[in-house]
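[1] here is a sequence with its predicted model. Questions after.
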Amino acid sequence: MRPTKKVSESYTEQQYLIRPTYINHYGRLFGGELLRWIDELAGIVARRHSNSLITTAAIDNLQFKAPVYAGQMVVLVGRVTYVGSSSMEIRIDSYVEELDGIRRPINRAYIVMVAIDEDGNPVEVPELELESEEQKMEYESAIKRKEMRKQRRIDGF
């Protein structure tokens, strides 16, 4: 029997103060910089869940909802939403946090990570113990996203 881990055991938040080096010529945060942070945080969440090396297998449902400007603070929140035998779907929500602590959503992404050994071979990950109705609904949605990813591969994109 595989071990289990709770969603809360790998839940991770990361904050970034937006400096001029992160800004594009339009005065907004580079989308690629945010994508890098999302991928990095997804890797941390997956590593915490799997206790192993990981690699990114897919990034999908990346939706930019609002711009970010220099001087603002971005908060990324990551959690596991689904696990297979060696793969994990990680949800990353990104927010701008205002001075009063209010968070305004700017992005949501789903990333598929795979646990690997030192030779790059997939390894089994712990099952996911769901702690709330919200997590159960997210898990069911993740199954649908997994099927859509499979269909896109079959269709060639």
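    That came through, no problem. Residues are numbered from 1 along each chain as shown.

[2] so what touches stretch 11-30?
    Contacts to stretch 11-30, defined as CB atoms under 8 Å, 6 or more residues apart in numbering, come from residues 33, 37, 40-41, 44-45, 48, 67-79, 97. Placement of C-beta: from N, CA and C, glycine included.

[3] which of these count as buried?
    33, 37, 41, 44-45, 48, 68, 72, 74, 76-79 (16 or more other CB atoms under 10 Å).

[4] state the pair within these that is farthest apart.
    R48 and Q72 (27.1 Å; CB to CB).

[5] what's stretch 45-56 in contact with?
    5, 9-12, 39, 42-43, 78-80, 83, 88, 90, 92, 111-118, 120, 123, 125-126, 128.

[6] export that stretch to CSV, keeping only CA atoms.
    The C-alpha coordinates for stretch 45-56 follow below in CSV (Å, rounded to 0.1, in the frame of the first residue of the first chain):
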residue,chain,number,x,y,z
VAL,A,45,5.3,21.7,-4.0
ALA,A,46,5.8,18.5,-6.0
ARG,A,47,9.1,17.8,-4.3
ARG,A,48,7.5,18.3,-0.9
HIS,A,49,4.8,15.9,-1.8
SER,A,50,6.9,13.2,-3.4
ASN,A,51,10.1,13.5,-1.4
SER,A,52,12.0,13.0,-4.7
LEU,A,53,13.5,14.8,-7.6
ILE,A,54,10.9,16.1,-10.0
THR,A,55,10.6,17.3,-13.6
THR,A,56,8.0,19.5,-15.3
